[in-house]
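**Q** Predicted model follows, preceded by the sequence.
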Amino acid sequence: MAVTSITILGIDPGLRITGFGIIRKVGSKLDYVTSGCIRALEPDLPGRLKTILEGLREVIQTHQPQQVAVEKVFVNVNPQSTLLLGQARGTAICAAVLESLPVAEYTALQVKQAVVGNGHAKKEQVQEMVRRLLGLPGNPGADAADALACAICHAHGGQGLGMVSTAGYRVKRGRLI
C-alpha cells in the first residue's frame, strides 16, 4: 500500500504582515517545509494587496502545495479594521485560486483547538505546539506559527482530507455544533 503525501500551505492573512507556512503530510506524519512572512509596507491599500498577492503566488509557484488553508477573519470591535483585514484575506484566497488550488477556511478557534487542544490558547502556546508537532529547533515567529497551525489544523482533519467536514457546522467554545 502506497503512503500518500500532500503538501499544504497555511496562510494567516494580515494587511501589514501575512504569515505563510508549508507542511507535508506523509501518512500520519507531518514534516516542516518552510514558513515566513510577507511584509506589505506600502502606504496605500492597493499596493499592500499587490504585495500580498505577488508574494503568495511566488510561494505557491516555488513550493507547489496541493491544498491551501486560510484563517477566517474574526469580527473586530472596529468594523473598518475587519473590512480591511477581509480584503487581505480575499487577496490570499485569490492567490490560491489563481493557481487552481482548493482552499479550506478555519476560524482561529478551530485552529487553536486542533493544534493546542484549547480554542482560547495564547499565541505563545500555539508557537510552542507548532514547534513540537513539527520538530523545529525553536519557536517560529507569531505570524508564521499561526499559518503553520492553520496548515496543521487542515492536515489533522480538514476539509478534503478524508475526515469529517466542518461545512454546515458552527463552533461554540472550541467545539463543532
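**A** Perfect, I can see it now.
**Q** I'd like to know which elements the helix or strand hosting Arg132 is packed against.
**A** In the assignment (DSSP states H and E), Arg132 maps to helix 123-134. Packed against helix 123-134, as judged by 3 or more CB pairs under 8 Å, 6 or more residues apart in numbering; DSSP states H and E, are the following elements: strand 29-39, helix 108-115, helix 142-155. Placement of C-beta: from N, CA and C, glycine included.
**Q** ok, now with 10 Å
**A** strand 17-26, strand 29-39, helix 108-115, helix 142-155 (3 or more CB pairs under 10 Å, 6 or more residues apart in numbering; DSSP states H and E).
**Q** I'd like those as TSV, with distance to Thr4 appended.
**A** Converted to TSV, the helices and strands packed on helix 123-134 look like this (distance: least, CB to CB, whole Å):
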stretch	distance to Thr4
strand 17-26	8
strand 29-39	11
helix 108-115	20
helix 142-155	12
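**Q** Please identify the most buried of the ones you listed.
**A** helix 142-155 (a mean of 28; mean count of other CB atoms under 10 Å).
**Q** just the angle between that helix and helix 108-115, please?
**A** 70 degrees (axes from the mean of the first three to the mean of the last three CA atoms, to 10 degrees).
**Q** Kindly export helix 142-155 (C-alpha atoms) in CSV.
**A** This file holds the C-alpha atoms of helix 142-155, laid out as CSV (Å, rounded to 0.1, in the frame of the first residue of the first chain):
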residue,chain,number,x,y,z
ALA,A,142,3.9,34.5,15.7
ASP,A,143,2.6,35.1,12.1
ALA,A,144,4.4,32.1,10.6
ALA,A,145,3.3,30.0,13.6
ASP,A,146,-0.3,30.9,13.0
ALA,A,147,0.0,30.0,9.4
LEU,A,148,1.7,26.7,10.2
ALA,A,149,-1.0,26.0,12.8
CYS,A,150,-3.7,26.6,10.1
ALA,A,151,-1.9,24.0,7.9
ILE,A,152,-1.7,21.6,10.8
CYS,A,153,-5.4,22.0,11.5
HIS,A,154,-6.2,21.2,7.9
ALA,A,155,-3.9,18.1,8.0
